[in-house]
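>>> mind folding the following:
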Amino acid sequence: MAFLESEFFNLPIIATRTTSTDEFVTDKNLGIVCENSENGLYKAFMYVFENPHIIRRIKHFKRETPSNELALREFYDLIQGDGENE
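Have a look, this model is predicted:
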């Protein structure tokens with residue numbers, strides 16, 4: 001549930017490695033998956049603090065993630081044509 005809430009509010013995720021986090025977080029590029037330990041979490045948080053551009057990149061990617069609305073808008077633009085291929 002927390003993953004879906006994070007995705008809805010466009011917040012990056014830092015999560016420990018499990019089967020579901022690998023599939024949800026990594027495959028969708030929603031955040032960082034780390035070793036399931038205190039040291040793993042510490043390293044992940046330190047990485048983010050030292051490299052804040054990572055969070056901006058993840059948030060940008062999430063904004064650009066395809067959706068039905070985006071697909072319909074792109075399809076509409078395609079069928080309307082921009083005059084280049086005519």
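
>>> which residues does the closest residue to residue 22 other than its chain neighbours bridge with?
Nearest residue to residue 22 in three dimensions, chain neighbours excluded: residue 33, at 6.1 Å (CB to CB, 6 or more residues apart in numbering). All C-beta atoms are positioned from the backbone trio N, CA, C, and that covers glycine. Here residue 33 sits in beta bridges with residue 15, going by DSSP bridges.

>>> in this structure residue 33 contacts residue 23, no?
No. Counting by CB atoms under 8 Å, residue 33 sits too far from residue 23 to count as a contact (10.0 Å).

>>> now do the same for residue 85: its pLDDT.
In this model, residue 85 is scored at 48, pLDDT.

>>> again, but for residue 33
For residue 33, pLDDT reads 91.

>>> and it, how far is that from residue 41?
Applying CB to CB, to the nearest Å, the value for residue 33 to residue 41 is 11 Å.

>>> please apply the same query to residue 77.
From residue 77 across to residue 41, the span is 43 Å (CB to CB).

>>> more crowded one of these two?
Counted by other CB atoms under 10 Å, residue 77 and residue 41 do not tie: residue 41 has more neighbours, with 15 against 10.
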